[in-house]
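Asker: coords below, sequence missing:
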């Protein structure tokens, strides 16, 4: 174990163009990324970590001066599940994002102004296409693994679909092959909340400020779906003898209200509203539950599929469906439905069980593929 | 069975004042109500139906010229569960509402203008206090039953708490003794959505128009919580081969989006935003899970508690908790957790099972209390 803070820096790769699923061509595309650990000589120890909806490239270590580490620091680092003593870990901010990669808030080279809604619609497949360019740039032919939770898991499945010969293993976590009506519905309410804010102004708010009210409400709703009924009860034991006010009260009467408001108001400082719209649409249109998936391809990928028992946003049935789909295509799949009360957030928090299961899965492959024992 | 349309009219009772839980006194309080069937001579066949969050007094029959009947017409009428051939059914719009009863959108007699946020905070107990005045006015000493689902069920439990000697039986459906943090959280997101709309204007929007955008988003979210994952899948089978647009698409790409938008936009025509805020707060503060509940009172009430298996907003555990609480106080309780895929909406839709169970419960009591066999 390394008790010193690992200081990391975000890097940027810019390529001239990227042709999207919808045939639109983006010019001068930048992808923000971080790496941890060392790429070995054979370049066969690289693992790509893919992030969830509002995540970023900073999944581990500390940026200089920061108190808080990256979003999956409990899983990525020396002697951790994604062991940086063994593996070369790559994490990049998705295309369409707002944390260093090209997205709606980036400058459109054709106009010299922010894209706004002139940014083309993007898909999960487009995000993965940009990641593939990054992997090519790093000189990696075959990834040892691709791993991620939630929308990160969608990217994992998209890698399997689009580049099956370029990955040894895949770890889709707390995810689905396509969104259910309920999942689309929650995203749609978030989008409508953003667009209902007049500060959104048809997507033209750069210079006048993020539509903070609408985006904040969307984030508050998101947080409810990321937690479980139980984890909320554990986090917010309700005080019974609340004093009633004689007037309607704008203050938070309950701790859970305070918490959600705080989460909403901090989120809007770091996240672009248009990115929120574009990315949520990409999720809603994601669908690898097709006849094409892994058909007529010489794929020999090892899968570890993980879900969490209290996750009601991406319920275990959806992971079981992935397992079934893979098994019907003759793939090697390990599946665990991990005990947890954290809800969907469990994939970020259940470091003990999740960590051990991933460690064991990767260790077995490590001996087979990398150390050559 | 009566195949003719039962034409009904809303009636109004105005009383001079109502003192609220918080000691505020409301002047000139009007309660909108409807009745169906006939009150017998002994005045012992009256059933009070209490409505949910956004319901109204019109629970059965048709208003002249209307195509659509009242909101519980499948349960209330001749030979139905709440049989108007036997019972005198009363349903009133809650205090704080906007469908005929006094609420924030009513004229404040002190100022001659709408109350807005000068309307005092109200509780479920205040709603029930107003209902008691209506019952007194109708000359009914003891209700044969009080029945309602969701927030209607809260009013049922509040009747049990506040006026145990004035009811023979109680039917709380798909409800709870107090809101969980998750339930409060969903309400809070709805409130924040309303208040984020600048048209809300601190509650002063009468004359300038309801804050439709924010209220619509709140309603869309509500609808998700009223349905179940399964009922949404059944209602909105997702078309797989959706064409992708090259630009970000403001149209509804999926049927579920269209549906929710429609529900949102029709809701804002009929419901006052401030009522939404006040009533949701009353629900969040509702709490009869106290030592006082039915303690030291000579209550001999027959209970029928109902929940629905796919209801995740008011899950069966909360009804089981009501049953436990009542049993610990020595009450006579029948409990059914009804099979359904409709989610929380089941209490409005599962007319077969719900209807039969209520019919049987009431029939037994009818012989005991009313027909005197």
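Answerer: On my side now, so go ahead. Note that the coordinates shown come from a computational prediction; the quantities given were computed from them, not determined experimentally. Numbers count the residues shown, from 1 in each chain, chains lettered A, B, ... in the order given.

Asker: would you list every one of the strands in the stretch 51-200 of chain A?
Answerer: A:76-77, A:82-83, A:88-92, A:107-108, A:113-114, A:145-149, A:169-173 (DSSP state E, counting those that start in this stretch).

Asker: Just give the closest residue to residue A:234, not the sequence neighbours.
Answerer: Using Cβ to Cβ, 6 or more residues apart in numbering or on different chains and skipping residues adjacent in sequence, the residue nearest residue A:234 is residue A:341, 6.8 Å away. C-betas here are computed from N, CA, C, even on glycine.

Asker: Report the contact partners of the residue nearest to residue A:311 when sequence neighbours are not counted.
Answerer: Ranked by Cβ to Cβ, 6+ apart and with sequence neighbours excluded, the top spatial neighbour of residue A:311 is residue A:344, at 4.6 Å. Counting by Cβ atoms under 8 Å, 6 or more residues apart in numbering or on different chains, residue A:344 makes contact with A:150, A:174, A:225, A:226, A:227, A:228, A:308, A:311, A:312, A:313, A:314.

Asker: now do 6 Å
Answerer: Counting by Cβ atoms under 6 Å, 6 or more residues apart in numbering or on different chains, residue A:344 makes contact with A:226, A:311, A:313, A:314.

Asker: Need the pLDDT of it.
Answerer: Note for residue A:344: predicted pLDDT of 98.

Asker: The closest residue to residue A:129 other than its chain neighbours: what secondary structure?
Answerer: Nearest residue to residue A:129, sequence neighbours excluded (Cβ to Cβ, 6+ apart): residue A:18, at 6.5 Å. Using DSSP: H, G, I helix; E, B strand; the rest coil, the structure places residue A:18 in strand.

Asker: How is chain A partitioned into domains?
Answerer: For chain A, the structural domains run A:11-178+A:288-370, A:183-282, going by automatic domain parsing.

Asker: and the first one, how far apart are its ends?
Answerer: I take that to be domain A:11-178+A:288-370. Between the start and the finish of domain A:11-178+A:288-370 there is a gap of 27 Å, counting by Cα to Cα, to the nearest Å.

Asker: Helices along chain A, start to end?
Answerer: A:124-137, A:151-162, A:181-196, A:212-226, A:229-235, A:255-270, A:273-285, A:316-328, A:346-349, A:351-365 (DSSP state H).

Asker: Which of those sits closest to residue B:179?
Answerer: Closest to residue B:179 of those, according to Cβ to Cβ: helix A:255-270, at 9.9 Å.

Asker: So that closest one, near chain B or not?
Answerer: Yes. For helix A:255-270 and chain B, the contact criterion (Cβ under 6 Å from any Cβ of the partner chain) is met by A:256, A:257.

Asker: In that helix, which residues are buried?
Answerer: The neighbour-count check on helix A:255-270 (16 or more other Cβ atoms under 10 Å in any protein chain shown) flags A:256, A:257, A:259, A:260, A:261, A:264, A:267, A:268 as buried.

Asker: Then stretch A:38-45?
Answerer: Using 16+ other Cβ under 10 Å as the test for burial, stretch A:38-45 gives A:39, A:44, A:45.

Asker: measure the second one to residue A:142 for me?
Answerer: The one in question is residue A:44. 7 Å (Cβ to Cβ, to the nearest Å).

Asker: List, one by one, the residues from chain A near chain B.
Answerer: A:22, A:24, A:117, A:120-121, A:181-182, A:184-185, A:188-189, A:192-193, A:196, A:213, A:217, A:220-221, A:224, A:229, A:232-233, A:236, A:244-246, A:248, A:254, A:256-257.

Asker: What's the PyMOL line that selects buried ones from those residues?
Answerer: Remark: buried members of the residues of chain A next to chain B, expressed as a PyMOL selection using 16+ other Cβ under 10 Å:
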select buried, chain A and resi 117+120+121+181+182+184+185+188+189+192+193+196+213+217+220+221+224+229+232+233+236+244+248+254+256+257
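
Asker: ok, the lengthiest strand in chain A: who's next to it in the sheet?
Answerer: Determined from DSSP state E, the single longest strand within chain A is strand A:25-36. Applying DSSP bridges, strand A:25-36 is found paired with strand A:11-19 (antiparallel), strand A:88-92 (antiparallel).

Asker: any chance of these in TSV, with mean pLDDT too?
Answerer: Conversion of these to TSV gives the following (pLDDT from 0 to 100):
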stretch	mean pLDDT
strand A:11-19	98
strand A:88-92	98
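
Asker: Quickly compare the ones you listed and say which is most buried.
Answerer: strand A:88-92 (a mean of 27; mean count of other Cβ atoms under 10 Å in any protein chain shown).

Asker: centre of the chain versus it, how much separation?
Answerer: Distance of strand A:88-92 from the chain centroid (Cα atoms, centre = their mean, to the nearest Å) equals 13 Å.

Asker: Now do that strand against strand A:145-149, angle only.
Answerer: In terms of direction (axes from the mean of the first three to the mean of the last three Cα atoms, to 10 degrees), strand A:88-92 departs from strand A:145-149 by 50 degrees.

Asker: And the contacts of strand A:88-92?
Answerer: By Cβ under 6 Å, 6+ apart, the list of residues contacting strand A:88-92 reads A:31, A:33-39, A:45-49, A:57, A:59, A:76, A:82, A:131, A:134.

Asker: start to end distance for stretch A:59-68?
Answerer: Taking Cα to Cα, the first and last residues of stretch A:59-68 lie 11 Å apart.

Asker: Report the buried residues of it.
Answerer: Across stretch A:59-68, burial judged by 16+ other Cβ under 10 Å covers A:59, A:60, A:61, A:62.

Asker: mind putting those in CSV, distance to residue B:337 included?
Answerer: Converted to CSV, these look like this (distance: Cβ to Cβ, whole Å):
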residue, distance to residue B:337
A:59, 43
A:60, 46
A:61, 50
A:62, 50
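
Asker: need the contact list for the nearest residue to residue A:284 once chain neighbours are set aside.
Answerer: Closest residue to residue A:284 apart from its sequence neighbours, by Cβ to Cβ, 6+ apart: residue A:184 at 4.7 Å. By Cβ under 6 Å, 6+ apart, the residues touching residue A:184 are A:284, B:254, B:256.

Asker: Then residue A:31?
Answerer: Shown in contact with residue A:31 (Cβ under 6 Å, 6+ apart): A:13, A:92, A:101, A:130, A:134.

Asker: Show the average pLDDT along stretch A:204-213.
Answerer: 96.

Asker: residues making contact with that stretch?
Answerer: In this structure, residues lying in contact with stretch A:204-213 by Cβ under 6 Å, 6+ apart are A:114, A:116, A:194, A:197, A:199, A:200, A:268, A:273, B:196.

Asker: same thing with stretch A:132-143?
Answerer: A:13, A:15, A:31, A:33, A:43, A:46, A:48, A:92, A:166, A:167.

Asker: Would you confirm that the last one contacts residue A:147?
Answerer: In this case it means residue A:167. No. In terms of Cβ atoms under 6 Å, residue A:167 does not count as a neighbour of residue A:147; the distance is 10.3 Å.

Asker: Can you pull the residues that touch both of those two?
Answerer: With Cβ under 6 Å, 6+ apart, residue A:167 and residue A:147 have no common neighbours.

Asker: more neighbours, those two?
Answerer: Each of residue A:167 and residue A:147 has its neighbours counted (other Cβ atoms under 10 Å in any protein chain shown); residue A:147 has more, 30 against 21.

Asker: didn't the more buried one look like it was pressed against residue A:170?
Answerer: No. Residue A:147 lies out of contact with residue A:170 (Cβ under 6 Å); the separation is 7.5 Å.

Asker: Residue A:292: neighbour count?
Answerer: When neighbours are counted by other Cβ under 10 Å, residue A:292 registers 9.

Asker: how close does it sit to chain B?
Answerer: Residue A:292 is 12 Å from chain B, where distance means Cβ to the nearest Cβ, to the nearest Å.

Asker: With adjacent residues omitted, what lies nearest to that residue?
Answerer: Leaving aside its sequence neighbours, residue A:292 sits nearest to residue A:161 (Cβ to Cβ, 6+ apart; 7.4 Å).
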